[in-house]
Structure formats: structure tokens, C-alpha cells
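> Pasting a predicted model and its sequence here:
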Amino acid sequence: MDEENKNENKNPAFESLDVLISRWKDGTFSEIIDDWKWIFSYSARYKGAIAFYVILGIFSTSMGLVSSIASKYMIDIITGYETSKLWVMILIMVGSTVFSLAFSSIISRISTKLSIDINNDIQADIFDKIVDADWLSLNKYSNGDILNRFNGDIGTVSSNAISWLPTIIIAVYNFVATFFVIMHYDWIMAVIALGSAPVMLLMSRFMIKKQRDYSKKVREMSSQLMTFEVEAFYNFDTIKSFGVAPHYSKKMRWWQGKFRDISLKYNLFSIKTNIFMSILGTVVQFAAFGYCLFRLWTNDITYGTMTLFLQQRSNLSSAFNSVVSIIPAFLNSSVSAHRIRELVELPKEVHIPESGEMDKYIDKGFEVRMDDVNFSYVEGTRVITDSAFRAKPGEIVALVGPSGEGKTTMIRLILGLIRPEDGGVKLRASGGQEIEMNAETRHLFAYVPQGNTILSGTIAENMRMVKEDATDEEIVEALKVACAWDFVEKLPQQINNSVGERGRGLSEGQAQRIAIARAVLRDAPILLLDEATSALDVTTERTVLRNIVKQHPNKTCIVTTHRPSVLNLCQRVYRVMETHVTELNEEESSRMAMDF
Ligand SMILES: Nc1ncnc2c1ncn2[C@@H]1O[C@H](COP(=O)(O)OP(=O)(O)OP(=O)(O)O)[C@@H](O)[C@H]1O
């Protein structure tokens, strides 16, 4: 049968059902499913605990049911004056209430423990993923945004990841069990009790889309607010010294206002949905109450059955409400999971496992080679074009050139943080063995980046960051090479003296010398200094560089600089300008030194 005939024979009712299902599944819905699949990959680690949680929940719900059936019989016993059975009923009621309370307390304890565990699990995983993410891809996210996803979004996911499934299962069990108890006594009552279900189902599609959109906007706005906050606190000195604090206060309030507006819109939507649900619930409640009174009036049911009906109807509606109220939490979690997955799915750095082979050649040093390299951060805007570069063991090689022309980009290429579009950036051992720069070659480098990179803690802690088992003597030795010992020696606790975040408490030049000492302690065969001596006086700068070369004759040093004093120490000078890296001859390089 050909395709056309097949379609003709298809029942139109089924066809429209197919269309409905596919529409239901498209876009938002399939995204939600994917996000939850990801969340389940974490919850699955706690299968046993979740199953225990569900069983306890079902017990607790069953006890509630037993207690309300017992209260029906109690009313019937009292109204029928059959006091002989009264004690049994009282015992059943009290027993089931106590059990129910005990179960729900254990459930609360388990769910708190699990949500902390899952939060820690996700955070630890994401931390590792971020650390191993491709530099350029991660660079697109601001620190505030990453921090917000790391804390806020993971918090939202973990608080729901465990409880969501048990809550649904327990609510559905509660719903079904209650429904059958009511049905056992009167099926019309059961139908009335279920009255709101079809309307709710029809509304859910509209609600889900809208709720998810709001949740997404609130999370995005929260990230933007946090980006602003992180940046403002990080640059507090600049803000204060420019006297622009009032402007930033105003900006802060503007961001807060935007966050407030979107949060209130979301809240209004939730209120409207709530009002609608409550009205629906009240209508059903009155219908059930009216029906009960009618049946009582016609003597079809006892007082006990009426109490049971009304109690169970409210139980049914609370089971329904707990399923409905989990929808926002479910959607918020899916939005947060989506935001976390964006970080998880960032491309990983390139790791070439064979790089470990190069460790054998550390003693003789390495040559850094670049050939025919092209690189752009943004497609169409070249930063490096058809360029070559060499730095051999025992050499100090300088990268010079006007600001913003690509010196730091060269350092990033050498470190393998970014990869060239064409050409190769390689590490070459003395025997000719070569390997492309990648994450695994990075341990062969000691890098002093631009800016202050000192962390809060003692000077020794800062140093041991790159060599955990370094002795105090080794630390002092490295500080001496970097001309930092002169001032560290005079500190009250010397290497155990504490410094603040970003080296607070030290001068810019002192912080630079400690950063250099840290790189020296690392004792890697290749040293990269990116404007790392800019805050030092000329004499200290020359002493530091000479000490480094003297320390290890096979070290390869690559420096970016704007200082002639450094150029005179270099064996080779490359100019980075107009996207080209060009080696300067002696005459050009001395002219350049004079032009600075
Ligand atoms: N993460 C990035 N994304 C996009 N473009 C970038 C990025 N980093 C740098 N660039 C661009 O690449 C070019 C070279 O920047 P780079 O930092 O390498 O210059 P530089 O020579 O080290 O400057 P300076 O001497 O001022 O430190 C600049 O035009 C800059 O705008």
C-alpha cells in the first residue's frame, strides 16, 4: 500500500490525536523531559533511599486513611450506642495517628539529608566540568552568571530532585486509594469528588508554558543582578576612587527594580492560577456537601459515612492539589536544570594522553614552536595571521608590541588554552619529539599572568598552591630568586604572614614578586611572564630575570613586555602587530628598545 492510501485509511480521530500528542511533545515539553532525564541521572544514585521514602509515604498515607475510616465507625458506634466496640476504634485511631506522625517525621529527615547530598554531588560534578571546560566557551559566561547557576540553580534542582518522584507517587496512591474508598460507599460521590480533574488537565498545557517562561525570566534576571553585584564588589576601589558610588547605588536599585518587576509578574500569575484552582475546589466541595446532605436527608447514608465522605473528599482534593502544586516546582527545576546543563555541556578542553611521554625530556628543556598559525576569537576578526614563533631552552624570548595587538593571545595559544584555526603550536624536546599543546602539556609551564593573582591566605599557602609538599626552605629559596625575600623576611610572621584577597596588604610590586616566586617554585621547564615585572623597578626586574635564568640553564622563558630593560636581556624579540608576529633582527630590536 502506498503512503497516500495509508493516510486515507487512517482514522481521522486518531490522526488528530497524533497531532495533539506531537504538539504536546514539541518544544517546551520535550525540553522539560530532557531536563528531567538529566535530574534523574542524579536521583538514580539514591534509588534505595528514594524507594524507602516512597514506602514510608505510602504507609503514612494508609494510616491517615485507616484513621478516617475508624472515625466513621466511631461516629456510627456513638450514634448507634454500640459502646462495646468504642475502645477498639479509639485505639486504632490513636495508633494510626501516631504512626502517621512518626513516618512523616522520618520522611522529612530523609528528604533533607538526600537533598543536601544531591546538592553536593551536582556542585562537585559541575565544578570539575567548569574547570575542564574549553577556555573560549567558558569565557562567554560572566562570573556572576556562573556563580548564580552554581548556587541558585543547583539549589533549586537538588531541593526537588529527590522529593518530586516520591511526592507524585504518594499523591497518586493517596488519590487512588481515597477514590476507591469513596467509590466503595457511593460512586456518584466519587465522580463529584473528581469533578475538577478534566478542567485542570485542559489548563495544564497553557499553565506549563507560561510558568516555565516566567521561571526562565526570573532566573536570567537573577543572574544579571548577580553579575552586576560581583563586578561592583570586585571593583570597589575603582568605583570609590572615581567617586561614582552614587551612580552604582542607582544602578543597583535599577537592577533590583527589574528583578522585582519580573518576580511580581510571576507571583501575580501564580496568584491568578491559585484563585482559579480554589474556586474550582470550592465549587466541587459545595457540590459534594450538598449531595451528602441530600443522601443523609433521604436516609441513604449514616452520619459516619457522611463524615467519611467529606473528610475523604478533602483528602482527595489535597492529593490533587499536591500534584498540581508540584508543577511549579517541577518546572522551576527543569529551567534550573537547563541552565546547569548549558555549563555541563560546554565543550571539554583537548587532552592528549601521550603528552605524558614528554616528561622524560624535562631535564634538557623544551622548545616552543609555532608555525603558520591563524587565530580569531570571533569569526571574521583575525588576531593572529600566518605567524611563526620559536623559543628554545636557555633563551629569554620577548613578545612586544602595542597594546591590544595579541601578546596575551600568543601566551594563551602557547598554554593550549585556545587552539589555532590553522597551523600548529607545539612543544619540542631536544631529541625532536613533538606534541601539540593541550591541557596535558600545561604542567610543564609556570605562568605569571597579568594582574594580581595572589589569593587570601598566608604567603606559604599561596606558594604551596603550585607545589603542595614544598618545604619552608624551598619557599624561601624561590622568594629569594624573585627578590621577594627582602620584604617577606621583615614581616612579623615571614612566610606565614597572612595576606587578603587579591594580595590585599601587599604593594602591587610585592604581589608581583610573590607571583613570580610561585612560578619559580613550580620549577617548570617553561616560564611564561605576561607583563609580570611591570610593577618592579628596573634594577629589581633585571635581577629577577637574571636569577631565573641562572637557576636553570635549560629553562625556556617567554615574556611579554613594554620595557626596554627587559629587551636587553632577551636572546630574541618578536613584535606582535597588525595580526602578524614578526621576529626582529638585532638592529630593529635595539631601535624598538629605544622607542619605548
Ligand atoms: N576573550 C576574548 N574574546 C574576544 N576577543 C578577545 C578576547 N581576549 C582578547 N581579545 C581581543 O584580542 C585582541 C588581542 O588581545 P590581547 O589581550 O592578546 O592583547 P595584548 O597585546 O596582550 O594587549 P595588552 O598589551 O594591552 O595586554 C584584542 O583586540 C582583544 O580585543
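Structure's in. What do you need?
> tell me the contacts of Q312?
68, 178, 181-182, 193 (CB atoms under 8 Å, 6 or more residues apart in numbering). (Each C-beta comes from the backbone N, C-alpha and C, glycine too.)
> JSON lines for those, including distance to the ligand, secondary structure and neighbour count?
Converted to JSON lines, the contacts of Q312 look like this (distance: CB to the nearest ligand atom, whole Å; DSSP: H, G, I helix; E, B strand; the rest coil; neighbours: other CB atoms under 10 Å):
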{"residue": "S68", "distance to the ligand": "65", "secondary structure": "helix", "neighbour count": "20"}
{"residue": "T178", "distance to the ligand": "59", "secondary structure": "helix", "neighbour count": "26"}
{"residue": "V181", "distance to the ligand": "65", "secondary structure": "helix", "neighbour count": "19"}
{"residue": "I182", "distance to the ligand": "65", "secondary structure": "helix", "neighbour count": "25"}
{"residue": "A193", "distance to the ligand": "61", "secondary structure": "helix", "neighbour count": "27"}
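> which among those gets closest to M437?
Lowest distance from M437 to these (CB to CB) belongs to T178, with 65.9 Å.
> where's the helix or strand harbouring I169 relative to the chain centroid, distance-wise?
Element membership of I169 [criterion: DSSP states H and E] is helix 164-185. With CA atoms, centre = their mean, to the nearest Å as the basis, helix 164-185 stands 36 Å off its chain's centre.
> what packs against the biggest helix by length in the chain?
Secondary structure of the chain per DSSP state H: the longest helix is helix 245-297. Applying 3 or more CB pairs under 8 Å, 6 or more residues apart in numbering; DSSP states H and E, we find helix 245-297 packed against helix 187-193, helix 197-234, helix 303-344.
> ranking those helices by burial, who's on top?
Each of those was scored by mean neighbour count; the highest is helix 303-344, a mean of 20, by mean count of other CB atoms under 10 Å.
> now stretch 160-171: mean pLDDT?
Taken as a whole, stretch 160-171 has a mean pLDDT of 74.
> got the residue ranges for the strands in the protein?
Applying DSSP state E to the chain gives strands spanning 366-378, 381-391, 396-400, 422-429, 434-436, 445-448, 457-458, 498-499, 526-530, 556-560, 572-577, 580-584.
> Specify the angle between the third one and strand 526-530 in degrees.
Just to be clear, that refers to strand 396-400. Relative orientation of strand 396-400 versus strand 526-530 (axes from the mean of the first three to the mean of the last three CA atoms, to 10 degrees): 30 degrees.
> Over to the first one?
Relative orientation of strand 366-378 and strand 526-530, computed by the same axes, to 10 degrees: 40 degrees.
> Neighbours of the residue of the stretch 51-200 of the chain found nearest the ligand, how many?
The ligand sits closest to N139 of the stretch 51-200 of the chain, with a gap of 4.8 Å, by CB to the nearest ligand atom. For N139, the neighbour count with other CB atoms under 10 Å is 12.
> Kindly report the same for I106.
The burial count for I106: 16, using other CB under 10 Å.
> all numbers from here: first residue = 9
Got it, first residue is 9 now, which makes that one I114.
> Spatially nearest residue to it (excluding sequence neighbours)?
Computed as CB to CB, 6 or more residues apart in numbering, the closest residue to I114 that is not its neighbour in sequence is L64, at 5.9 Å.
> Alongside the ligand, which residues does the chain contribute?
Within the chain, the positions adjacent to the ligand are 147, 385-386, 391, 409, 411-417, 584 by CB under 6 Å from any ligand atom.
> from those residues, which two are the most distant?
Farthest pair in the residues of the chain next to the ligand (CB to CB) is N147 and G409. Separation: 22.2 Å.
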